[in-house]
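Chemist: Provide a 3D model corresponding to the input given below.
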Amino acid sequence: MPDKKTADAITEQLKHWGEEPDSDAEVLNLVYAELHRQAHRYLQRERPGHVLQTTALVHEAYLKLSKQRSFGWENRSQFYGIAATVMRRILIDFARSKHRQRRGGPNEDIPIDNAVTIAVSDNRFDLLELNEALERLADMDPELSKIVELRFFSGLDIAETALALGVSESTIKRGWATAKAFLHRELTRP
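Modeler: I've put the predicted structure just below:
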């Protein structure tokens with residue numbers, strides 16, 4: 001994560017994003033390295049030979065985020081949290097489209113057994129199944145789902161996640177333990 005001065009500069013630029021002609025380039029320069037780091041972490045968990053590259057994922061995510069000009073960005077942590085969600089959705093959409101192409105077209109359902117796999121601890125789970133489990137978790141407790149996104153997908157540590165969500169570190173630790181138990185149960189069901 002950036003130092004305090006850089007973090008403050010990012011927050012300030014995000015608050016004024018889109019107000020001036022050069023603001024897009026300034027924001028991109030400030031956030032690119034962290035977005036690249038997040039994308040790299042996402043893709044490290046993908047199966048070997050995944051065709052989507054880190055830079056392509058960063059650019060796709062940035063394009064989607066840049067369409068949110070009217071959004072009132074509060075700080076860089078909020079921006080990176082939303083960026084993590086956007087990257088996850090891009091990968092989910094990519095996985096769905098690749099498997100549908102292989103199965104005969106966009107109207108056919110995707111068998112979960114054939115979805116893209118990502119590493120979770122020592123086990124392998126498919127990305128689409130993990131996404132479905134995260135959606136069930138979000139229905140049950142949106143805060144726990146956000147903790148998983150920030151910890152697992154963005155790679156934030158306990159302190160960074162607490163800062164991003166504006167809660168205590170002990171709240172994040174309890175939430176992380178609960179979320180992991182829920183996901184383990186959901187992903188290991190016969």
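Chemist: For the protein, which segments count as helices?
Modeler: Remark: helices assigned in the chain by DSSP state H are 4-15, 23-44, 54-66, 76-102, 127-140, 142-148, 158-165, 169-187.
Chemist: Quick check: buried residues in the third one?
Modeler: This points to helix 54-66. With burial defined by 16 or more other C-beta atoms under 10 Å, the residues of helix 54-66 counted as buried are T54, L57, V58, E60, A61, Y62, L65. Just so you know, the C-beta spots here come from the backbone N, C-alpha and C atoms, and that holds for glycine as well.
Chemist: what's the average pLDDT for it?
Modeler: If you average the pLDDT over helix 54-66, you get 83.
Chemist: thinking again about what came up before, any chance of the buried residues of helix 54-66 in a markdown table, with distance to R174 too?
Modeler: Formatted as a markdown table, these follow (distance: C-beta to C-beta, whole Å):
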| residue | distance to R174 |
| --- | --- |
| T54 | 33 |
| L57 | 31 |
| V58 | 32 |
| E60 | 34 |
| A61 | 30 |
| Y62 | 33 |
| L65 | 30 |
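Chemist: and the most centrally placed residue in the chain, what does it touch?
Modeler: With distances taken as C-alpha atoms, centre = their mean, A84 lies nearest the centre of the chain, 2.4 Å away. Taking C-beta atoms under 8 Å, 6 or more residues apart in numbering, we find A84 in contact with Q38, E149, L150, F153, S154.
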